[in-house]
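**Q** how does the following fold in three dimensions:
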Amino acid sequence: MVLGLSATLSEAQFGQWGWRVPFWAAGVLAVVGLWLRSSLAESPRFLEIDDHARVPFAEVVRDHWRLVLLTGGALAVGYAVFYAVTTWSLAYATERLGVSRSVMLTCIMAAVLVKGALTPAAALLGDRYGRRPLCLAGCAAAALCALRCGGVSDGGRAVQPGVLRAAPGDPSGAGGGGGAGGGVTGRPG
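**A** Model prediction:
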């Protein structure tokens, strides 16, 4: 959607109102999802269970608070890295390297597709080697990519932001292991 808007709207139109359209669409999708979920009946098997918690959320937080904090933290870090790198790579490539926004958005979309395709493989690796080693490997890969991207922005050398985008150890599955994809080569300075 963003790629289509970016390709069809002028810079002024996109900056004025076009960037809001995906958020509006997400809001509509959320309402439709809530409506669909509320219109579905519980399965007969679920209804047969007698031991329902009166307040399930409170029970989870009370009995499993450590796991809730660990999961929330992992998701927050994964998404923070994903959005920071995506935003940085888009801004850097368009403003400093002169790459068109449409090209960079296409690279970002391709990187997200690659990440999505590699997620099942990462899950299998997590099952085989354990989540902790995989998460640590993903964090190390993200740190190396951050150092690489930082060196690029300081030195003006060639940028290859997609190399580690789909790091299999990403703790959240959000794909925050690197830049925007596509092996874009920058010009000095």
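**Q** buried residues in the lengthiest helix in the chain?
**A** Ranked by number of residues, the top helix in the chain under DSSP state H is helix 101-129. Residues 101, 104-108, 111-112, 115, 118-119, 122, 125-126 are the ones in helix 101-129 that count as buried (16 or more other C-beta atoms under 10 Å). From N, CA and C alone the C-beta is placed, and that goes for glycine too.
**Q** return the helix or strand in the protein with minimum mean pLDDT.
**A** Lowest mean confidence among the helices and strands of the chain (mean pLDDT, DSSP states H and E): helix 131-155, at a mean of 75.
**Q** ok and it relative to helix 101-129, angle-wise?
**A** Angle of helix 131-155 versus helix 101-129, following axes from the mean of the first three to the mean of the last three C-alpha atoms, to 10 degrees, is 150 degrees.
**Q** and helix 131-155, how far out from the chain's middle?
**A** 15 Å (C-alpha atoms, centre = their mean, to the nearest Å).
**Q** list the helices and strands it packs on?
**A** On a contact count with 3 or more C-beta pairs under 8 Å, 6 or more residues apart in numbering; DSSP states H and E, helix 131-155 meets helix 65-91, helix 101-129.
**Q** what helices and strands are in contact with the longest one?
**A** The helices and strands touching helix 101-129, judged by 3+ C-beta pairs under 8 Å, 6+ apart, are helix 2-8, helix 65-91, helix 131-155.
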